[in-house]
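Engineer: Model the following, please.
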Amino acid sequence: MAAETANKGHNVTIYTSKPYKWGNSIDVYDSDDNLLIRGVMSKITDNIEAELKDADYVWVTVLAQVFPIIAKKMDPCVKKGQKIDIIPGFGGAEFSFESEIKKDVLFLEYKGYTALQG
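Structural biologist: The predicted model follows:
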């Protein structure tokens, strides 16, 4: 999802607890190892403030038990119109991110993976 969104020209930031494990792009391949999409990320960070400053889309990829901590850190930085995606989402994240939702962000939880077809 992040690769597709960035590939379409959107400013995409990924929040992760281990940004050093990421490169600046995400490549999506088909089952024959043909490159389908390369999305260049604006930022991949563990810094909430840097993450949210200019982001259109925000992917949060932490364990569910960390949601309340992340939500509290995000709250002062969230702006109206941002899209916050929780991966993995197993339901219930909306309770941790209630304050952000009230700021009129688009809040999404993903329970699975998106599959691209060529």
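Engineer: Spit out the contact partners of Lys21.
Structural biologist: Residues near Lys21 by C-beta atoms under 8 Å, 6 or more residues apart in numbering: none. Using the backbone N, CA and C atoms, a C-beta is placed for each residue, glycine as well.
Engineer: Which helix in the protein has the most residues?
Structural biologist: What stands out as the longest helix in the chain, according to DSSP state H, is helix 67-74.
Engineer: buried residues in it?
Structural biologist: For helix 67-74, a neighbour-count test (16 or more other C-beta atoms under 10 Å) marks Phe67, Ile70, Ala71, Met74 as buried.
Engineer: now swap in stretch 49-56 and tell me
Structural biologist: In terms of neighbour count (16+ other C-beta under 10 Å), stretch 49-56 has its buried residues at Glu51, Leu52, Ala55.
Engineer: tell me which strands and helices the helix or strand hosting Glu100 is in contact with?
Structural biologist: Assigned by DSSP states H and E, Glu100 belongs to helix 98-102. In terms of contacts (3 or more C-beta pairs under 8 Å, 6 or more residues apart in numbering; DSSP states H and E), helix 98-102 is packed against helix 67-74.
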